[in-house]
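Engineer: sequence unavailable; structure follows:
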Ligand code: HEM
């Protein structure tokens with residue numbers, strides 16, 4: 001994710017396996033107003049202890065309360081009653097001190113000073129003296145310190161960085177600090193802290209390191225942007241993904257998936273194994289190019305020019321996110337490094353292409369007579385770019401390019417990774433595949449999927465939901481605190497770099513039954529589609545709060561369409577002799593050596609679609625069997641024999 005993350009790939013973790021479970025109390029916030037020695041009236045009324053949890057902090061305060069609700073000063077003195085109350089009060093305070101001393105709600109990492117105070121309490125130092133000392137102790141000296149894992153991680157050099165973070169989470173809990181020399185990160189794996197950062201106090205956090213890393217390719221695009229630029233761009237872009245647009249995209253998804261099916265047809269017929277990860281990457285590149293700026297990369301059949309440039313830039317972004325030293329920031333390096341020169345040339349080609357597309361689109365908008373309205377969509381070019389230009393979006397072409405590039409990257413690698421890991425998971429669960437095929441056969445038959453089918457393909461959707469739980473893309477969300485804050489029980493300073501480990505949240509044994517098991521049935525078919533809100537931030541497939549993914553529905557439908565169209569037509573198995581499927585990280589989770597599969601036609605495919613794919617418009621209701629059905633069937637059966 002970040003070049004600093006690569007520090008994880010350098011020196012073995014020397015971690016003390018201390019576990020911290022006790023509750024905290026911010027001792028210096030205790031206000032003991034009931035001092036019998038100084039105020040006879042105040043000592044009459046019992047103290048009630050309240051724990052304030054609103055902001056995530058857990059500071060205890062002692063407030064006075066009158067049991068009768070009467071004004072204390074107006075109470076007639078009754079010496080005996082007051083004596084009893086005083087004794088009770090003394091007892092209560094003594095009990096509280098002994099609880100503090102025992103560490104019941106006290107610090108998880110004690111300062112030396114606090115330890116001394118606790119020892120004094122244990123050996124019977126009078127309460128008055130302790131009260132004085134507790135009041136005198138500096139706040140910082142007794143504040144909770146976040147559990148810390150220090151060290152070096154040579155031992156895990158070859159592992160995707162979020163894997164050791166999981167092990168550390170099991171030892172250190174929902175929030176801990178990971179330090180390497182002077183640099184440190186907070187690792188968050190607790191749903192309520194994630195909710196606080198992403199939603200409740202989102203304004204206090206920026207994208208931090210992520211924005212620095214992605215600057216060369218996304219500039220001030222929606223993912224890295226913060227503050228006012230982000231607000232303005234989000235407001236401009238989100239309306240472009242309206243319902244009518246997403247519905248139109250279903251046709252595009254179907255066509256692109258069908259192109260992939262044709263490729264797989266050939267492979268199945270020739271008995272050739274296929275590398276599915278790269279095919280999914282091409283599928284989703286073709287989709288997002290059309291969907292965002294109406295450009296057909298045609299990467300399923302073409303591997304040069306602009307497609308190569310896109311991959312060069314993507315690889316660079318991923319390499320930078322895990323590089324140990326940011327060499328690209330060294331001025332002279334830019335001129336002498338052949339790799340950087342190649343990256344710059346690729347960026348130039350992409351930018352020039354985007355500029356051309358923007359110019360073409362501007363001309364189209366100028367010539368069309370369509371009035372702009374909420375669900376505006378040009379049927380010939382329903383792209384997001386077209387919507388933005390037609391809306392009169394007043395923005396520099398650099399900003400527009402940054403936004404388009406951001407969506408290209410955000411919507412390409414993520415969906416490809418979801419499909420890759422879904423097929424990997426399915427290869428191990430024939431039971432799930434059978435259920436999936438049964439549903440797809442009965443709902444889709446031989447048609448292209450429509451928007452109505454999206455509601456009906458419930459099990460298919462649950463398979464994607466579950467795949468996103470086990471392989472969240474990206475596995476970690478990055479933030480930096482812009483101001484001091486309190487996370488859970490811990491005060492933090494401005495400028496902290498934070499990783500919210502979605503991987504840990506999604507695989508936590510504390511939050512899920514059989515957390516590592518691929519079980520689409522854990523999501524009820526007739527229940528709501530799981531999201532961060534109804535799962536209370538233990539499930540974050542598309543993030544949450546104000547920076548939540550804008551393409552969530554798009555991506556859900558895209559993956560459901562591709563999955564359903566592929567499994568209704570083919571069976572997929574891991575290829576004999578395929579390299580082991582292991583994970584590595586870039587912006588998303590990749591395999592180390594691809595996902596090599598053997599594809600076979602299903603014995604009884606519903607039908608084999610074979611459409612002309614030149615335009616975007618597909619009448620989704622058209623049954624493929626209406627179109628030259630016999631000849632297509634002939635091809636299938638030939639291929640099978
Ligand atoms: C399965 C596919 C996808 C997954 C898993 C996914 C996941 C995510 C996640 C987790 C975030 C939040 C990042 C953060 O909080 O730091 C995000 C943000 C974003 N996604 Fe997606 N995404 C997917 C597809 C798409 C698509 C298709 C598009 C575009 C059409 C898109 C555009 C964006 C944008 C622009 C943001 C930044 C939003 C903002 O910061 O305001 N994503 N995505």
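Structural biologist: Yep, it's here. All of these numbers come straight from a predicted model, not from anything done at the bench.

Engineer: what about the chain, any weak spots by pLDDT?
Structural biologist: 1-79, 81-115, 117-118, 130-143, 151-158, 322, 324, 604-641 (pLDDT under 70).

Engineer: show me what from it comes close to the ligand.
Structural biologist: 222-223, 234, 406-407, 410-411, 414-415, 418, 473, 477, 541-543, 547, 549-551, 554-555, 559 (Cβ under 6 Å from any ligand atom). Placement of C-beta: from N, CA and C, glycine included.

Engineer: among these, which lie within strands?
Structural biologist: Applying DSSP state E to the residues of the chain next to the ligand, the entries found in strands are residue 477.

Engineer: show me which of the residues of the chain next to the ligand are buried.
Structural biologist: 222-223, 406-407, 410-411, 414-415, 418, 473, 477, 541-543, 547, 549-551, 554-555, 559 (16 or more other Cβ atoms under 10 Å).

Engineer: phi, psi of residue 557?
Structural biologist: phi -70, psi -40 (degrees, to the nearest 10).

Engineer: how many residues are close by the nearest residue to it once chain neighbours are set aside?
Structural biologist: Nearest non-adjacent residue to residue 557, counting by Cβ to Cβ, 6 or more residues apart in numbering: residue 454, 5.5 Å away. Here the number of neighbours of residue 454 (other Cβ atoms under 10 Å) works out to 20.

Engineer: how would you label residue 454: helix, strand or coil?
Structural biologist: Classification of residue 454 by DSSP: H, G, I helix; E, B strand; the rest coil places it in helix.

Engineer: check contacts around it.
Structural biologist: 250, 461, 556-557, 560 (Cβ atoms under 8 Å, 6 or more residues apart in numbering).

Engineer: what's the most distant pair in these?
Structural biologist: Farthest apart among the contacts of residue 454 by Cβ to Cβ are 250 and 461. That separation is 13.6 Å.

Engineer: residue in this structure nearest to the ligand?
Structural biologist: Per Cβ to the nearest ligand atom, residue 551 is where the chain lies closest to the ligand, at 2.4 Å.

Engineer: which residues does that residue contact?
Structural biologist: Contact analysis of residue 551 by Cβ under 8 Å, 6+ apart lists 241, 407, 410-411.

Engineer: ditto for residue 547
Structural biologist: Residues in contact with residue 547 (Cβ under 8 Å, 6+ apart) are 198, 202, 207.

Engineer: tell me which of these fall in strands.
Structural biologist: Among the contacts of residue 547, no member lies in strands (by DSSP E).

Engineer: next one: phi and psi at the closest residue to residue 263 other than its chain neighbours?
Structural biologist: With Cβ to Cβ, 6+ apart as the criterion, residue 263 has its nearest non-adjacent residue at 6.1 Å, and that residue is residue 300. As for residue 300, its main-chain torsions (degrees, to the nearest 10) stand at phi -70, psi -20.

Engineer: pull out the buried positions in the helix or strand hosting residue 360.
Structural biologist: Of the helices and strands defined by DSSP states H and E, residue 360 is found in helix 338-367. Using 16+ other Cβ under 10 Å as the test for burial, helix 338-367 gives 340, 343-344, 346-347, 349-351, 353-354, 357-358, 361, 364-365.

Engineer: repeat that for stretch 478-491.
Structural biologist: Using 16+ other Cβ under 10 Å as the test for burial, stretch 478-491 gives 478-482, 485-491.

Engineer: could you dump those into JSON lines and include secondary structure?
Structural biologist: Converted to JSON lines, the buried residues of stretch 478-491 look like this (three-state DSSP):
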{"residue": "478", "secondary structure": "strand"}
{"residue": "479", "secondary structure": "strand"}
{"residue": "480", "secondary structure": "strand"}
{"residue": "481", "secondary structure": "strand"}
{"residue": "482", "secondary structure": "coil"}
{"residue": "485", "secondary structure": "strand"}
{"residue": "486", "secondary structure": "strand"}
{"residue": "487", "secondary structure": "strand"}
{"residue": "488", "secondary structure": "coil"}
{"residue": "489", "secondary structure": "coil"}
{"residue": "490", "secondary structure": "strand"}
{"residue": "491", "secondary structure": "strand"}
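
Engineer: among those, which two are most distant?
Structural biologist: Farthest pair in the buried residues of stretch 478-491, by Cβ to Cβ: 478 and 489, 22.7 Å.

Engineer: can you pull the contacts of the closest residue to residue 520 other than its chain neighbours?
Structural biologist: Sequence neighbours aside, residue 462 is the residue nearest to residue 520 in space, at 4.0 Å (criterion: Cβ to Cβ, 6+ apart). Residue 462 makes contact with 520-521, 523, 525 under the criterion Cβ under 8 Å, 6+ apart.

Engineer: name the element residue 462 belongs to?
Structural biologist: helix 458-470.

Engineer: so which residues of the stretch 201-350 of the chain form helices?
Structural biologist: Along the stretch 201-350 of the chain, the segments classed as helices by DSSP state H, counting those that start in this stretch run 209-218, 227-237, 243-270, 276-293, 306-321, 331-336, 338-367.

Engineer: now, of the ones you listed, which is deepest in the fold?
Structural biologist: Among those, helix 276-293 has the highest mean neighbour count (mean count of other Cβ atoms under 10 Å), at a mean of 25.

Engineer: what helices and strands are in contact with it?
Structural biologist: Packing contacts for helix 276-293, counted by 3 or more Cβ pairs under 8 Å, 6 or more residues apart in numbering; DSSP states H and E, involve helix 243-270, helix 338-367, helix 384-390, helix 397-427, helix 552-567.
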